[in-house]
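Asks: missing the sequence, but the structure's below:
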(Lines give C-alpha, C1' and ligand atoms only; values in the text may rest on other atoms or scores of the structure.)
Protein backbone atom coordinates (compact mmCIF):
# COMPACT_ATOMS: atom_id res chain seq x y z
CA UNK A 1 0.00 0.00 0.00
CA UNK A 2 1.41 3.39 -1.01
CA UNK A 3 1.50 6.36 1.36
CA UNK A 4 -1.29 8.03 -0.65
CA UNK A 5 -3.47 4.92 -0.43
CA UNK A 6 -2.83 4.64 3.31
CA UNK A 7 -3.75 8.29 3.82
CA UNK A 8 -6.87 7.92 1.68
CA UNK A 9 -7.94 4.92 3.75
CA UNK A 10 -7.54 6.87 6.98
CA UNK A 11 -9.50 9.76 5.48
CA UNK A 12 -12.36 7.46 4.47
CA UNK A 13 -12.58 6.26 8.07
CA UNK A 14 -13.27 9.88 9.07
CA UNK A 15 -15.63 10.69 6.19
CA UNK A 16 -18.97 9.87 7.95
CA UNK A 17 -18.23 12.24 10.84
CA UNK A 18 -16.86 14.93 8.53
CA UNK A 19 -19.99 14.73 6.41
CA UNK A 20 -22.10 15.02 9.55
CA UNK A 21 -20.17 18.12 10.64
CA UNK A 22 -20.53 19.72 7.23
CA UNK A 23 -24.24 18.90 6.96
CA UNK A 24 -24.96 20.53 10.31
CA UNK A 25 -22.93 23.54 9.29
CA UNK A 26 -24.42 24.00 5.84
CA UNK A 27 -27.84 22.28 5.77
CA UNK A 28 -26.98 21.21 2.21
CA UNK A 29 -25.96 17.69 1.23
CA UNK A 30 -24.18 18.73 -1.95
CA UNK A 31 -22.28 21.54 -0.25
CA UNK A 32 -21.40 19.20 2.61
CA UNK A 33 -19.83 16.79 0.10
CA UNK A 34 -17.90 19.68 -1.44
CA UNK A 35 -16.60 20.72 1.98
CA UNK A 36 -15.50 17.17 2.81
CA UNK A 37 -13.75 16.85 -0.53
CA UNK A 38 -11.92 20.11 0.12
CA UNK A 39 -10.86 18.63 3.46
CA UNK A 40 -9.27 15.73 1.59
CA UNK A 41 -7.46 18.06 -0.81
CA UNK A 42 -6.01 20.05 2.08
CA UNK A 43 -4.93 16.84 3.81
CA UNK A 44 -3.23 15.60 0.64
CA UNK A 45 -1.24 18.86 0.49
CA UNK A 46 -0.23 18.66 4.16
CA UNK A 47 2.48 16.80 6.05
CA UNK A 48 0.29 14.01 7.40
CA UNK A 49 3.11 12.63 9.55
CA UNK A 50 3.06 15.85 11.58
CA UNK A 51 -0.64 15.50 12.45
CA UNK A 52 -1.10 13.95 15.89
CA UNK A 53 -4.89 13.53 15.81
CA UNK A 54 -6.17 13.16 12.26
CA UNK A 55 -9.86 13.18 13.20
CA UNK A 56 -9.57 16.41 15.18
CA UNK A 57 -7.42 18.02 12.47
CA UNK A 58 -9.88 17.15 9.72
CA UNK A 59 -12.87 18.27 11.80
CA UNK A 60 -11.38 21.72 12.30
CA UNK A 61 -10.31 21.95 8.64
CA UNK A 62 -13.78 21.04 7.37
CA UNK A 63 -15.28 23.44 9.91
CA UNK A 64 -13.10 26.23 8.52
CA UNK A 65 -14.14 25.37 4.96
CA UNK A 66 -17.82 25.44 5.97
CA UNK A 67 -17.36 28.78 7.72
CA UNK A 68 -15.97 30.28 4.51
CA UNK A 69 -18.86 28.81 2.52
CA UNK A 70 -21.43 30.24 4.94
CA UNK A 71 -19.84 33.67 4.81
CA UNK A 72 -19.82 33.58 1.02
CA UNK A 73 -23.45 32.47 0.97
CA UNK A 74 -24.51 35.28 3.26
CA UNK A 75 -22.53 37.86 1.28
CA UNK A 76 -24.35 36.85 -1.91
CA UNK A 77 -27.71 37.06 -0.11
CA UNK A 78 -28.88 34.17 -2.28
CA UNK A 79 -31.34 32.67 0.15
CA UNK A 80 -34.36 33.75 2.16
CA UNK A 81 -34.10 32.19 5.60
CA UNK A 82 -37.85 32.30 6.17
CA UNK A 83 -38.67 29.96 3.31
CA UNK A 84 -35.54 27.89 2.85
CA UNK A 85 -35.90 24.27 3.90
CA UNK A 86 -32.55 22.54 4.48
CA UNK A 87 -31.75 19.44 2.47
CA UNK A 88 -33.56 16.53 4.15
CA UNK A 89 -32.27 13.04 4.87
CA UNK A 90 -35.05 10.66 3.81
CA UNK A 91 -35.28 7.04 4.92
CA UNK A 92 -37.84 4.26 4.98
CA UNK A 93 -40.05 4.03 8.03
CA UNK A 94 -38.22 0.90 9.18
CA UNK A 95 -35.25 3.20 9.83
CA UNK A 96 -32.73 1.34 7.65
CA UNK A 97 -29.75 3.67 7.13
CA UNK A 98 -26.26 3.35 5.77
CA UNK A 99 -23.34 4.36 8.06
CA UNK A 100 -23.00 7.85 6.59
CA UNK A 101 -26.72 8.55 7.04
CA UNK A 102 -26.52 7.29 10.63
CA UNK A 103 -23.70 9.75 11.32
CA UNK A 104 -25.61 12.62 9.77
CA UNK A 105 -28.79 11.82 11.69
CA UNK A 106 -27.11 11.34 15.06
CA UNK A 107 -27.74 13.84 17.87
CA UNK A 108 -31.23 14.90 16.74
CA UNK A 109 -30.49 16.96 13.66
CA UNK A 110 -34.13 17.42 12.74
CA UNK A 111 -35.20 19.91 10.12
CA UNK A 112 -36.54 22.24 12.81
CA UNK A 113 -33.07 22.47 14.37
CA UNK A 114 -31.38 22.96 11.00
CA UNK A 115 -33.78 25.80 10.21
CA UNK A 116 -32.79 27.59 13.42
CA UNK A 117 -29.11 26.96 12.73
CA UNK A 118 -29.66 28.82 9.46
CA UNK A 119 -30.60 31.95 11.42
CA UNK A 120 -27.29 32.07 13.30
CA UNK A 121 -24.29 34.03 12.15
CA UNK A 122 -21.62 31.83 10.52
CA UNK A 123 -19.32 32.19 13.53
CA UNK A 124 -22.11 31.36 16.01
CA UNK A 125 -23.07 28.31 13.99
CA UNK A 126 -19.50 27.05 13.85
CA UNK A 127 -18.92 27.53 17.57
CA UNK A 128 -22.16 25.76 18.48
CA UNK A 129 -21.84 22.89 16.03
CA UNK A 130 -18.22 22.09 16.74
CA UNK A 131 -18.41 22.49 20.51
CA UNK A 132 -21.91 21.40 21.46
CA UNK A 133 -22.37 18.67 18.84
CA UNK A 134 -18.83 17.38 18.38
CA UNK A 135 -17.09 18.33 21.63
CA UNK A 136 -14.32 20.30 19.95
CA UNK A 137 -12.58 22.42 22.63
CA UNK A 138 -13.09 26.17 22.43
CA UNK A 139 -9.31 26.60 22.31
CA UNK A 140 -9.33 24.82 18.93
CA UNK A 141 -12.39 26.70 17.62
CA UNK A 142 -11.16 30.18 18.55
CA UNK A 143 -8.43 30.37 15.85
CA UNK A 144 -10.95 29.33 13.17
CA UNK A 145 -13.31 32.23 13.94
CA UNK A 146 -10.50 34.63 14.77
CA UNK A 147 -11.72 35.30 18.32
CA UNK A 148 -10.40 34.80 21.81
CA UNK A 149 -11.45 31.69 23.68
CA UNK A 150 -13.82 33.71 25.90
CA UNK A 151 -15.37 35.43 22.87
CA UNK A 152 -15.80 32.04 21.18
CA UNK A 153 -17.60 30.74 24.27
CA UNK A 154 -19.94 33.71 24.00
CA UNK A 155 -20.68 32.84 20.36
CA UNK A 156 -21.73 29.34 21.36
CA UNK A 157 -23.74 30.67 24.29
CA UNK A 158 -25.70 33.05 22.08
CA UNK A 159 -26.37 30.24 19.63
CA UNK A 160 -27.48 27.95 22.44
CA UNK A 161 -29.93 30.57 23.73
CA UNK A 162 -31.38 31.10 20.26
CA UNK A 163 -31.82 27.37 19.73
CA UNK A 164 -33.46 26.80 23.12
CA UNK A 165 -35.95 29.55 22.36
CA UNK A 166 -36.69 28.65 18.75
CA UNK A 167 -36.01 24.98 17.99
CA UNK A 168 -38.81 22.74 19.31
CA UNK A 169 -37.71 19.50 20.94
CA UNK A 170 -39.73 16.65 19.38
CA UNK A 171 -41.51 14.08 21.52
CA UNK A 172 -39.37 11.04 22.26
CA UNK A 173 -41.95 8.45 21.15
CA UNK A 174 -41.58 8.21 17.36
CA UNK A 175 -44.50 5.78 17.09
CA UNK A 176 -46.78 8.27 18.81
CA UNK A 177 -45.48 11.05 16.58
CA UNK A 178 -46.42 8.96 13.57
CA UNK A 179 -49.94 8.46 14.95
CA UNK A 180 -50.36 12.24 15.22
CA UNK A 181 -49.06 12.81 11.68
CA UNK A 182 -51.20 9.99 10.28
CA UNK A 183 -54.27 11.55 11.86
CA UNK A 184 -53.36 14.89 10.29
CA UNK A 185 -52.86 13.36 6.85
CA UNK A 186 -56.12 11.42 7.14
CA UNK A 187 -57.97 14.62 7.97
CA UNK A 188 -56.37 16.26 4.93
CA UNK A 189 -57.51 13.43 2.65
CA UNK A 190 -61.04 13.63 4.03
CA UNK A 191 -61.21 17.41 3.82
CA UNK A 192 -61.81 17.58 7.59
CA UNK A 193 -60.80 21.13 8.49
CA UNK A 194 -61.67 20.80 12.17
CA UNK A 195 -59.75 17.52 12.33
CA UNK A 196 -56.71 19.24 10.90
CA UNK A 197 -56.91 22.07 13.42
CA UNK A 198 -57.15 19.58 16.31
CA UNK A 199 -53.81 18.02 15.36
CA UNK A 200 -52.03 21.37 15.09
CA UNK A 201 -50.50 23.51 17.80
CA UNK A 202 -52.17 26.95 17.85
CA UNK A 203 -48.81 28.54 16.94
CA UNK A 204 -47.79 25.92 14.36
CA UNK A 205 -45.39 27.08 11.65
CA UNK A 206 -45.43 25.89 8.06
CA UNK A 207 -42.42 26.59 5.88
CA UNK A 208 -42.66 25.58 2.21
CA UNK A 209 -39.70 25.84 -0.16
CA UNK A 210 -40.69 25.56 -3.80
CA UNK A 211 -37.47 26.85 -5.28
CA UNK A 212 -37.87 28.66 -8.57
CA UNK A 213 -40.16 26.17 -10.31
CA UNK A 214 -42.01 24.23 -7.62
CA UNK A 215 -45.17 25.07 -5.72
CA UNK A 216 -45.11 28.66 -4.42
CA UNK A 217 -42.86 29.17 -1.42
CA UNK A 218 -44.69 30.37 1.65
CA UNK A 219 -44.43 30.85 5.39
CA UNK A 220 -47.55 30.40 7.50
CA UNK A 221 -48.17 30.60 11.24
CA UNK A 222 -51.27 29.50 13.15
CA UNK A 223 -53.46 26.41 13.10
CA UNK A 224 -56.22 27.80 10.90
CA UNK A 225 -53.85 29.18 8.28
CA UNK A 226 -51.91 25.91 8.09
CA UNK A 227 -55.11 23.82 8.00
CA UNK A 228 -56.46 25.97 5.17
CA UNK A 229 -53.24 25.40 3.24
CA UNK A 230 -53.58 21.64 3.72
CA UNK A 231 -57.13 21.79 2.38
CA UNK A 232 -55.87 23.57 -0.75
CA UNK A 233 -53.48 20.71 -1.52
CA UNK A 234 -55.58 17.80 -0.30
CA UNK A 235 -55.45 16.22 -3.78
CA UNK A 236 -51.75 15.51 -3.25
CA UNK A 237 -52.46 13.35 -0.20
CA UNK A 238 -53.64 10.57 -2.50
CA UNK A 239 -50.04 10.19 -3.67
CA UNK A 240 -48.52 10.28 -0.19
CA UNK A 241 -46.19 7.68 1.29
CA UNK A 242 -44.90 7.58 4.86
CA UNK A 243 -41.15 8.11 5.30
CA UNK A 244 -38.69 9.27 7.91
CA UNK A 245 -37.34 12.78 7.43
CA UNK A 246 -34.20 13.48 9.47
CA UNK A 247 -35.26 10.76 11.83
CA UNK A 248 -38.77 12.14 12.39
CA UNK A 249 -42.18 11.48 10.83
CA UNK A 250 -42.63 12.59 7.26
CA UNK A 251 -44.45 11.92 4.02
CA UNK A 252 -43.56 12.16 0.37
CA UNK A 253 -46.00 12.67 -2.49
CA UNK A 254 -45.00 10.84 -5.68
CA UNK A 255 -46.94 10.84 -8.94
CA UNK A 256 -45.93 8.89 -12.04
CA UNK A 257 -42.59 8.13 -10.42
CA UNK A 258 -41.76 11.79 -9.81
CA UNK A 259 -41.57 13.28 -6.30
CA UNK A 260 -43.90 16.27 -5.94
CA UNK A 261 -43.28 17.31 -2.36
CA UNK A 262 -41.65 16.10 0.83
CA UNK A 263 -43.07 16.95 4.24
CA UNK A 264 -41.23 16.78 7.55
CA UNK A 265 -43.22 17.14 10.79
CA UNK A 266 -42.18 18.15 14.30
CA UNK A 267 -44.52 16.87 17.02
CA UNK A 268 -44.48 18.19 20.58
CA UNK A 269 -47.08 17.29 23.19
CA UNK A 270 -49.12 15.29 20.65
CA UNK A 271 -49.53 18.35 18.45
CA UNK A 272 -47.74 19.30 15.24
CA UNK A 273 -45.71 22.43 15.94
CA UNK A 274 -43.79 22.69 12.67
CA UNK A 275 -44.16 21.45 9.10
CA UNK A 276 -41.32 21.84 6.62
CA UNK A 277 -42.15 21.17 2.98
CA UNK A 278 -39.70 20.81 0.13
CA UNK A 279 -41.29 21.01 -3.33
CA UNK A 280 -38.34 22.30 -5.34
CA UNK A 281 -38.24 19.82 -8.28
CA UNK A 282 -34.47 20.08 -8.75
CA UNK A 283 -33.68 19.40 -5.10
CA UNK A 284 -36.29 16.64 -4.88
CA UNK A 285 -34.73 14.83 -7.85
CA UNK A 286 -31.36 14.97 -6.07
CA UNK A 287 -32.68 13.02 -3.06
CA UNK A 288 -31.78 9.37 -2.61
CA UNK A 289 -35.21 7.72 -2.82
CA UNK A 290 -34.08 4.31 -4.07
CA UNK A 291 -35.48 2.65 -0.95
CA UNK A 292 -39.00 3.48 -2.16
CA UNK A 293 -38.49 1.10 -5.07
CA UNK A 294 -37.32 -1.80 -2.88
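Replies: Structure's in. What do you need? Because the structure is predicted, anything quoted here is derived from the model rather than measured.
Asks: ok, which stretches of the stretch 101-250 of the chain are strands?
Replies: Using DSSP state E, counting those that start in this stretch, the strands found in the stretch 101-250 of the chain span residues 200-209, 218-221, 240-245, 248-255.
Asks: Could you list the buried residues of the shortest one?
Replies: By that I understand strand 218-221. By neighbour count, with 16 or more other C-beta atoms under 10 Å as the criterion, the buried positions of strand 218-221 are residue 220. The C-beta positions use only the backbone N, C-alpha and C, and glycine is treated the same way.
Asks: just to revisit the earlier point, so can I have a markdown table of the strands of the stretch 101-250 of the chain showing distance to residue 228 and mean pLDDT?
Replies: What follows is the strands of the stretch 101-250 of the chain, written out as a markdown table (distance: least, C-beta to C-beta, whole Å; pLDDT from 0 to 100):
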| stretch | distance to residue 228 | mean pLDDT |
| --- | --- | --- |
| strand 200-209 | 10 | 96 |
| strand 218-221 | 8 | 94 |
| strand 240-245 | 19 | 89 |
| strand 248-255 | 18 | 91 |
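Asks: I'd like to know which of the ones you listed is closest to residue 186.
Replies: Residue 186 lies closest to strand 240-245 among the strands of the stretch 101-250 of the chain, at 10.3 Å (C-beta to C-beta).
Asks: What is the closest one packed up against?
Replies: Contacts defined by 3 or more C-beta pairs under 8 Å, 6 or more residues apart in numbering; DSSP states H and E place strand 240-245 against strand 90-91, helix 174-190, strand 248-255, strand 258-268.
Asks: by how many degrees do that strand and strand 248-255 diverge?
Replies: 140 degrees (axes from the mean of the first three to the mean of the last three C-alpha atoms, to 10 degrees).
Asks: list the buried ones in strand 240-245?
Replies: Within strand 240-245, the residues scored as buried using 16+ other C-beta under 10 Å are 240, 243, 244, 245.
Asks: Excluding chain neighbours, what is closest to residue 62?
Replies: residue 39 (4.4 Å; C-beta to C-beta, 6 or more residues apart in numbering).
Asks: which element is the one you found on?
Replies: helix 29-44 (DSSP states H and E).
Asks: Show me how far that helix is from its chain's centre.
Replies: Mean C-alpha position of helix 29-44 versus that of the full chain (C-alpha atoms, centre = their mean, to the nearest Å) differs by 18 Å.
Asks: Quick one: residues in contact with it.
Replies: Outside helix 29-44, the residues that touch it by C-beta atoms under 8 Å, 6 or more residues apart in numbering are 4, 7-8, 11, 15, 18-19, 22-23, 25-26, 57-58, 61-62, 65-66, 69, 87, 89, 286.
Asks: Which of those residues are buried, as a ChimeraX select command?
Replies: Buried subset of the contacts of helix 29-44, written as a ChimeraX selection, criterion 16+ other C-beta under 10 Å:
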select :7,11,15,18,19,22,23,25,26,57,58,61,62,65,66,69,87,89
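Asks: how near is the residue nearest to residue 167 when sequence neighbours are not counted to residue 156?
Replies: Spatially, and ignoring its direct neighbours in sequence, residue 167 is nearest to residue 116 (4.2 Å; C-beta to C-beta, 6+ apart). According to C-beta to C-beta, to the nearest Å, residue 116 and residue 156 sit 14 Å apart.
Asks: got it, and residue 124?
Replies: Counting by C-beta to C-beta - residue 124 and residue 156 are separated by 7 Å.
Asks: By mean pLDDT, flag the weakest helix or strand of the chain.
Replies: Here the helix or strand of the chain ranked lowest by mean pLDDT, DSSP states H and E is helix 99-105, holding a mean of 56.
Asks: Now do the same contact list for residue 272.
Replies: 180, 181, 184, 199, 200, 201, 204, 265, 266.
Asks: just to revisit the earlier point, mind putting the strands of the stretch 101-250 of the chain into a markdown table with distance to residue 144?
Replies: Putting those into a markdown table (distance: least, C-beta to C-beta, whole Å) gives the following:
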| stretch | distance to residue 144 |
| --- | --- |
| strand 200-209 | 29 |
| strand 218-221 | 32 |
| strand 240-245 | 31 |
| strand 248-255 | 31 |
